[in-house]
Each structure stands twice: as C-alpha cells, then as structure tokens.
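[1] mind looking at a prediction? Sequence and model below.
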Amino acid sequence: MSKLTLLLLSSLLATSAIADTLPVQPWQNMGEYDGIVLPNDKIITGMVTATAFINEQGHIEQTEWQGEPQELVELSQRTGLPAYVEPYQSCTYDETQTQQICTPSASQKEFRFFYTLPKHLRKEAFTKPVKIQSPPYPALAQEAGEEGTVIIGAFVPPTGSTFLYTIKSSGFRRLDKAAYSAVHASLPLHPATYKKQPVAIAYQIPIKFSLESEPNTDSTKAGKTIDSTQKTTKNTKKPKRKKAKNTKK
C-alpha cells in the first residue's frame, strides 16, 4: 500500500472519528418536491438525507448525501442546503458569576428532502385510508388543563417504511408524545399506487386534544390524501332565487 493511500485512509478515519464526537442538532425538513417522471410513465420517489458538518460560524464545511436512486440525490444537490445554519451552543454554568455562559461550537445536522408522487398525477393514484386510533388523554395533561392540536407528518416511501415527524406541536410535551405514539401504533401505512407501481406519498395527520371532548384524529376522509397543498373549501355558490309569480290580475 502506498504512502498516499495510507494518508488518505488515515484522513478519512480521522474525519469519521471527529464526526462521531460532534454534537447533533435537530434535523431540518427541506420540503416536499415532485418526484421524477420518466418517459415510460415510471415515477421515481423517495427521501434524500444530507448530513452536514457545521463550523462555529454556522457555515457548512462538509456534506454526506444518502438516498436512492442517484437521480434524487442530484436533484437535492441542485436545490442545495441553507447558506447559514444556527451554530450549536455549548453552555456551561459559571458559579462565580451565577450565570450560564454559551459559546458556539462545531456540530452536525441532517437535512431531509421528500420526493412524492407529482401533484398533477395524484387524482390517478390509489391510496388506502389512514386510520388512526384516538389516543387516550394523558391524565397529568388533563389535570394541568393542557389542550391543543398536534400535526404529525408521515412520509411513506415505495418500500412502506414510514418516517414520522412532528409538523406542529401542541405546545405541551405530553400531548405531543401521546399523538406521536398513536400514529406510530397505527403503522404500517401504505404508499400510494400509480399505474400499479408503488410511489411515495406524504400525509398530515392532525390530532386534537380538547377537555370538552375526546381527542380525535382528522386524517384522511374517504381515502383522500392530506398534504400541505390540499385545502378544504366550502361551497360559496348562492342558491338561485325563485322568480316571484305575477299576482296582478
């Protein structure tokens, strides 16, 4: 083995060792995008994860991309990552000054890109209804008078291995945990099917906790997929007025 090969190998091992010791920041959702439509009507969908190493100034120094197929990784790379990331704050308590002192430090963070069935094709897709059991109201949350709505995101790739995450918090950890557990207990969810081929789909599952009623889930009605692009609208058409009959003799 040449000296150059040994040097490169030791450099890679050193980078890996440093990455393992860096603090990890919460991952960031980079958004939902349309998958790739091939000429033969085949759709390529899935999730791409970029693990970034961030310095003390909040700039990305190195990125590792993971995802299948390579076309999706290339799409994510073209979209790009944020130019600035809030640096991780390493804090210690100074007893002499009786205050907490925080300094920025290097860290790592994941960024996820979700590629789903293109919106203009969803009318032709088949999706199974999402059925979530209403979670029990946490006793301590009831006693504390905690209420709110939790929105759980569920990304279902073609393989069916659902990825769950919280889109909107209720503001209370106990309610958030109960909602997440209820959705997790309802797994597995199923990917959409387009022309008999499985494709990724994303759901938004709101779970409301109210002390006036039992917690409820409003996930998918009549098997329709809920996502950030769909809106419910009311029928605003005014009823036609009946013409008054001529009563003149």
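    Everything's here; your move. Residues are numbered from 1 along each chain as shown.
[2] which residues in this structure form helices?
    All helices of the chain, identified by DSSP state H, fall at 3-21, 70-79, 139-143, 173-185.
[3] least confident of the ones you listed, on average?
    Looking at those, the lowest mean pLDDT belongs to helix 3-21 (a mean of 48).
[4] for stretch 179-190, which positions count as buried?
    By neighbour count on 16 or more other C-beta atoms under 10 Å, the buried set for stretch 179-190 is 179-180, 182-183, 186, 189. Glycine gets a C-beta too; all of them are placed from N, C-alpha and C.
[5] surely Ala106 touches Glu56?
    Yes: Ala106 is within contact range of Glu56, at 5.9 Å (criterion: C-beta atoms under 8 Å).
[6] in terms of neighbours, single out the busier of those two.
    Ala106 (18 against 13; other C-beta atoms under 10 Å).
[7] ok, Cys91 to Gln108 distance?
    Going from Cys91 to Gln108 by C-beta to C-beta, to the nearest Å gives 18 Å.
[8] do the same with Ile54
    From Ile54 to Gln108 the distance is 7 Å (C-beta to C-beta).
[9] can you list residues touching both of those two?
    Shared contacts of Ile54 and Gln108 (C-beta atoms under 8 Å, 6 or more residues apart in numbering): Gln25.
[10] more neighbours, these two?
    In this view Ile54 and Gln108 are compared by other C-beta under 10 Å, and Ile54 has more residues nearby, 26 against 21.
[11] which stretches of this structure aren't confidently modelled?
    Residues of the chain meeting the criterion pLDDT under 70: 1-20, 213-249.
[12] Pro82: what's it in contact with?
    Listed by C-beta under 8 Å, 6+ apart, the contact set of Pro82 reads 28, 60, 111.
[13] just the strands from the protein, written as ranges.
    For the chain, strands defined by DSSP state E occupy the ranges 28-34, 36-37, 43-44, 46-54, 60-66, 88-94, 99-105, 107-116, 148-156, 163-168, 192-194, 197-199, 201-210, 213-217.
[14] which one of those lies nearest to Ala125?
    Proximity to Ala125 (C-beta to C-beta) singles out strand 192-194 among the strands of the chain, at 4.5 Å.
[15] now do the closest one: which elements does it pack against?
    Packing contacts for strand 192-194, counted by 3 or more C-beta pairs under 8 Å, 6 or more residues apart in numbering; DSSP states H and E, involve strand 197-199.
[16] quick one on the thing from earlier: got JSON lines for the contacts of Pro82, with distance to Ile152 too?
    Output for these, formatted as JSON lines (distance: C-beta to C-beta, whole Å):
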{"residue": "Gln28", "distance to Ile152": "17"}
{"residue": "Ile60", "distance to Ile152": "29"}
{"residue": "Phe111", "distance to Ile152": "20"}
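[17] mind putting the strands of the chain into JSON lines with distance to Pro82?
    As requested, the strands of the chain are arranged in JSON lines below (distance: least, C-beta to C-beta, whole Å):
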{"stretch": "strand 28-34", "distance to Pro82": "8"}
{"stretch": "strand 36-37", "distance to Pro82": "24"}
{"stretch": "strand 43-44", "distance to Pro82": "25"}
{"stretch": "strand 46-54", "distance to Pro82": "9"}
{"stretch": "strand 60-66", "distance to Pro82": "8"}
{"stretch": "strand 88-94", "distance to Pro82": "15"}
{"stretch": "strand 99-105", "distance to Pro82": "16"}
{"stretch": "strand 107-116", "distance to Pro82": "8"}
{"stretch": "strand 148-156", "distance to Pro82": "20"}
{"stretch": "strand 163-168", "distance to Pro82": "18"}
{"stretch": "strand 192-194", "distance to Pro82": "30"}
{"stretch": "strand 197-199", "distance to Pro82": "28"}
{"stretch": "strand 201-210", "distance to Pro82": "21"}
{"stretch": "strand 213-217", "distance to Pro82": "33"}
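[18] I appreciate the help and will end here.
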